[in-house]
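Q: Quick one: sequence plus predicted model below, questions after.
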Amino acid sequence: MFVAALAGGLIARKLRQPLILGYVLGGIFIGPFTPGPSITDVHALELLAELGVILLMYSIGIEFSIRDLLRVRWVALIGGPLGIIVSILLTLAIRNLLGWSIPQAITIGAVISVASTMVLSRLLIDRGELHSQHGRVMIAITLVEDLAVVILTVLLPNLSSIAAGEFFQVMQGVGKSLLLLVPVAFAAAKLVPALMNRVARTQSDELYLLVALALGFATAAIAQAVGLSLALGAFLAGVVVSESEHSHQTLAQLLPFRDAFVALFFVTMGALIDPRGLVSNPLLVGTMILLVVVGKFVVWTLVVRLFRYSIWTAMLVGVGLTQIGEFSFILVQVARSAGIVGADIYNATLAVSLVTILLNAFLIRTVPGLFAKKRLAAVAPALDVELAAPAVMLCGFGRVGSVVGASLDAFDVPYSVIEMNPDLVAELRRRGTPAIFGDASNRAILNEAHVREVSLAVVTSPHRDRTVLIVEGIRASNPGCKIIARAAHRADEEAIRSAGADDVIQPESEAAATLVRRALDYLEVPQDRTSAYLDSVRSAISTVLETTSATHVPAIRDLEVRAPQLEGVSLNDARIRDQFGVTVLAIEHDSKTEFNPAAASRIRVGDKLRVIGLRQQIDSLREMLDPRSHESD
């Protein structure tokens, strides 16, 4: 299975296609329905696929936050069920044309209504759009669909006989399941951050990884035990961990395992598909494909637009949800076991999932750009001119990029722009600024923007995944180009630098350092004394601002050294930064202050250390520097 995933992934990469397509095709190749090497027991390997589901949804939960989910709660909680109902009504409307019974039409409507969270999230991650507005809306909707699958698996077998009272009992059972998760989530929210902090202090990577895996799998198991899906439980575990200051470290530890088991998931998915299903009933397969691709695009575009999102966001969501996957398999299997549908609809569902996943990957890459180009042509039909190649290229012209552009204008520095908003592109062209519409993470767009000829590129995207893709593309095409990139969080800096950025700007640390510099300027502190100090402050602030939690605010304190054992000990030997995560900004000794002290600087009893760190970290350091303060407490 791993060899099939590797071979398919390499082929997909060579053809510039999403890796999941290669994984699925690799699974088809080693499946029991195609000639050549084959795995003997596909269903025995479905456990590995479930591990992939848990790890992917767990990691997505970590990358999200409660704040992200609250932003899209209404379109998910109300729009999600509405879209499923409309999809079912659509199949009921055409059932007479194809001779379906009402239970069959409802089943097919349910099957086509639920998109694969696995497929969608993997495509969004590959394109760096997981944290975009349309990405958040799509993930939230598919999570609601996952919950709806739990209800549908109970309702479908009883379509012909279910009564209102039975329906109420089903809904009551789901409500109880959700309520059972409330105390679990509450306990996790209180206990998990403290647990992660304690484990992090052990500095054991193995123990940290085991704790991270245990949290994800245990929560997924609890969710399954109360009747919900593994995917939903794993996602909730990730959301809880996302509120911990160690969430980025947890995600970094999980990524290799996640990617490996996600690959196995898609290989298993491909192995279940019989390619003969594509030709055994072409009318049924073709109708279901049209319902998934065309019908769902229209349904979800209208539903999202109903919640006052822009037509641009609504269309992107509509395009992203034009596929079906693993939960559709579950629903059609339940309906088949109940005798509602036969083998023809079951095989057609598997075939449609393959085709729609392939189509979905293609549509996500191409359709948004086609819509936006038409929109741009309507706004400025005569301004689609050949792009020049100034020395500076701005990737993104939003709030940050526009300020950079205005500054370049002030100094008469020519620049070009790559931007996804067609209205902005049209406005820039009207002003005479070379601008191109497109996604800067796409190598073809970079080449069209003459990336090989620029000497400086400024990447303003706040999304880490997209920024990494853009930086990698620029660096591959133009090794000598200087790249300045923006990082939304301190933990993103390493990934962006590794991709090839020369300088990474983290807004919070820069803002704090600027405030310090301005304050020192007003106090007329000599600049030669402040420059090194500010470098130290900027580095320290960047470290402690890894979390945005209001309970983790950095503080600067003066601490007096009273411990006799520290007399004459160097900062390096004292290991203050390693043990407590606190940075020493200055040492005051005999009324003389040493700013930004070196590691070899020695401390003496009576010295005052000016330090920066989290309050609890500083309190721990105070106990070491002055044991008597702890005794008096």
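A: Received it, and whenever you're ready, just let me know what you need. Residues are numbered from 1 along each chain as shown.
Q: Can you pull the phi/psi pair for the most centrally placed residue in the chain?
A: In the chain, the residue lying closest to the centroid (Cα atoms, centre = their mean) is residue 130, at 4.1 Å. The phi and psi torsions at residue 130 (degrees, to the nearest 10) take the values phi -60, psi -30.
Q: Isn't it up against residue 124?
A: Yes: between residue 130 and residue 124 there is a contact under Cβ atoms under 8 Å: 4.5 Å. C-beta here means a position set from N, CA and C on the backbone, and glycine is covered the same way.
Q: what touches both of these two?
A: Contact with both residue 130 and residue 124 is made by residues residue 139, according to Cβ atoms under 8 Å, 6 or more residues apart in numbering.
Q: Spit out the contact partners of the residue nearest to the centre of the chain.
A: Applying Cβ under 8 Å, 6+ apart to residue 130 gives the contacts 60, 63, 121, 124, 139, 463, 465.
Q: in the stretch 351-500 of the chain, which ranges drop under the pLDDT threshold?
A: Low-confidence segments of the stretch 351-500 of the chain (pLDDT under 70): 368-369, 371-389, 410, 490-491.
Q: can you pull out the helices in it?
A: 399-410, 422-430, 443-448, 464-477, 493-499 (DSSP state H, counting those that start in this stretch).
Q: nearest to residue 103, of those?
A: helix 464-477 (42.8 Å; Cβ to Cβ).
Q: other SSEs contacting the closest one?
A: helix 117-127, helix 443-448, strand 456-459, strand 482-486, helix 493-499 (3 or more Cβ pairs under 8 Å, 6 or more residues apart in numbering; DSSP states H and E).
Q: Can you give me the buried ones in the second one?
A: Okay, so that is helix 443-448. 443, 445, 446 (16 or more other Cβ atoms under 10 Å).
Q: Output that helix as PDB, restricted to C-alpha atoms.
A: Extracted C-alpha coordinates of helix 443-448, given in PDB (Å, rounded to 0.1, in the frame of the first residue of the first chain):
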ATOM      1  CA  ARG A 443       4.200  28.400 -10.600                       C
ATOM      2  CA  ALA A 444       2.600  29.300 -13.900                       C
ATOM      3  CA  ILE A 445       1.300  32.600 -12.500                       C
ATOM      4  CA  LEU A 446       4.800  33.400 -11.100                       C
ATOM      5  CA  ASN A 447       6.300  32.700 -14.500                       C
ATOM      6  CA  GLU A 448       3.700  34.900 -16.200                       C
END
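Q: Identify the residues contacting residue 573.
A: Going by Cβ under 8 Å, 6+ apart, the list of residues near residue 573 is empty.
Q: Secondary structure element for it, which one?
A: Element membership for residue 573 (DSSP states H and E) is helix 571-574.
Q: Could you do residue 593 as well?
A: strand 592-595.
Q: same question, residue 504
A: Assigned by DSSP H and E, residue 504 falls in strand 503-505.
Q: Sheet partners, orientation included, of that strand?
A: Taking DSSP bridges as the criterion, strand 503-505 forms sheet pairs with strand 482-486 (parallel).
Q: Direction-wise, compare the strand it pairs with with helix 464-477 and give the angle.
A: 180 degrees (axes from the mean of the first three to the mean of the last three Cα atoms, to 10 degrees).
Q: hmm, who's touching strand 482-486?
A: With Cβ under 8 Å, 6+ apart as the contact definition, strand 482-486 has outside contacts at 400, 455-462, 467, 470-471, 474-475, 496, 500-505, 507.
Q: measure residue 179 to residue 238 for me?
A: 21 Å (Cβ to Cβ, to the nearest Å).
Q: do the same with residue 590
A: Counting by Cβ to Cβ - residue 590 and residue 238 are separated by 53 Å.
Q: More neighbours: the two, which one.
A: Neighbour totals were compared for residue 590 and residue 238, and residue 238 leads with 27 against 7 (other Cβ atoms under 10 Å).
Q: Not counting its neighbours along the chain, what's nearest the more buried one?
A: Distances taken as Cβ to Cβ, 6 or more residues apart in numbering put residue 61 closest to residue 238, at 2.0 Å, once the chain neighbours are dropped.
Q: re the thing from before, figure out which of the helices and strands packed on helix 464-477 is closest to residue 349.
A: Nearest of these (Cβ to Cβ): helix 117-127, 14.8 Å.
Q: now the closest one and helix 464-477, what's the angle there?
A: Using the same axes, to 10 degrees, helix 117-127 lies at 40 degrees relative to helix 464-477.
Q: Tell me the buried residues in stretch 584-603?
A: Buried, per 16+ other Cβ under 10 Å, within stretch 584-603: 584, 585, 586, 587, 588, 595, 596, 597, 602, 603.
Q: Redo those as CSV? Include secondary structure.
A: Formatted as CSV, those follow (DSSP: H, G, I helix; E, B strand; the rest coil):
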residue, secondary structure
584, strand
585, strand
586, strand
587, strand
588, strand
595, strand
596, coil
597, coil
602, strand
603, strand
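Q: Brilliant, that's me finished.
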